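>>> Task: produce atomic coordinates for the following.
(one chain, ligands or ions: 2)
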Amino acid sequence: MPISVEHIVDALSSLGGEAHLDKIVERVALIAPPPLPRDPGASIRARIQERCAEAKSYKGGENLFESKFGVNARRGVWKLRLDQLSPSNPDNIQDGSDAFISAPEGKAALRIHLRRERSKKLIDAFKATLNDPCCEACGMRFSDVYGDLGAGYIEAHHKIPVSSLDEASCTHISDLAALCANCHRIIHKNGLMPVEDLARFLSRRRAGKD
Ligand SMILES: [Zn+2]
Ligand SMILES: [Zn+2]
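Ligands and ions are numbered 1, 2, ... in the order given. Model prediction:
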C-alpha cells in the first residue's frame, strides 16, 4: 500500500506541524494501513518532495511541505506549510478560529479538523445517510430558503473534542454533524464549540431568554 500525502499531512499535524523524517515515519506507521513500503523513509521523503515547491521533484499542485533548513541542507526536518489552508478556499473555514489557535498544537489540531471535514469519501457517506438534511444547530433547511437551488445542501462538521484533536485517530460517520453554512462558521469562530451548545444557545435566544 503506497503512503498517501494525506497520511503524511495527518502525521505532521499530529506532531505539531514540524518533525524530523524519522518521527514522521514512526507516526505514519501508526496511521497508514499496513504493509508499509520496504523503505518507508525514502517513500515518505519522495511524497513530501513531490509536494514541496523548493524541491527538484516538485510535481506541481498543492504546495504542502517545506524543509525547515532548506531542501539542500539534508537535515530532514519537514514542516507543513501554514498557508496550505488558504482562507480563499471555501472548504477552509478558518476565520476567527484563532480564538483557540494560540499554540502550534492548536494550529495542528485545526488542520486535522479541516482535513477530516474534507475527507470526501466519509463526507459523501455521511450525507448519504441524511434524508432532506437540516442544520443540527438552528434547524434551517436549505430547501426551505432556496427551494430547488438549495435542495439537499448541507455542510459536514467534525465534532471531535478539542482535547483529542492532536491524536492520530480515524473519523467515523458518528463524529460528523450536519450544519448550515452560518452555524458552521459560528462554531469555527468560537473555538470549535460543541454543536449542542450552539443549539441550546439558539433555542434560548429564540425563546427570548438571552
Ligand atoms: Zn444552522
Ligand atoms: Zn467544522
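>>> tell me the average confidence for the host helix or strand of residue 66?
Assigned by DSSP states H and E, residue 66 belongs to strand 65-67. Averaging pLDDT along strand 65-67 gives 84.
>>> Neighbouring strands - and their directions - for that strand?
Strand 65-67 pairs in its sheet with strand 77-80 (antiparallel), by DSSP bridges.
>>> hey, where'd the strands end up in the protein?
Applying DSSP state E to the chain gives strands spanning 18-20, 65-67, 77-80, 155-158, 176-179.
>>> For ligand 1, find the nearest of the ones you listed.
Taking CB to the ion, strand 176-179 is the member of those nearest to ligand 1, at 5.6 Å. In short, each C-beta sits where N, CA and C put it, glycine included.
>>> where does the chain come near ligand 1, residue by residue?
Remark: the part of the chain in contact with ligand 1 comprises 135, 137-138, 140, 180, 183, using CB under 5 Å from the ion.
>>> so where's this protein shaky on pLDDT?
Scanning the chain for pLDDT under 70 picks out 1, 14, 16, 82-106, 161-169, 209-210.
>>> any idea how it splits into domains?
5-84, 120-206 (automatic domain parsing).
>>> Buried residues in stretch 66-74, which are they?
Under the neighbour-count criterion of 16 or more other CB atoms under 10 Å, stretch 66-74 has 66-67, 71 buried.
>>> quick revisit: top of the residues of the chain next to ligand 1 by number of neighbours, please.
residue 137 (27 neighbours; other CB atoms under 10 Å).
>>> my guess is that one meets residue 203, correct?
No: using CB atoms under 8 Å, residue 137 is not in contact with residue 203; the gap is 9.5 Å.
>>> re earlier: filter the residues of the chain next to ligand 1 down to just the ones in helices.
residue 183 (DSSP state H).
>>> Let me know the closest of the residues of the chain next to ligand 1 to residue 208.
When the residues of the chain next to ligand 1 are compared for distance to residue 208 (CB to CB), residue 138 comes out closest, at 15.9 Å.
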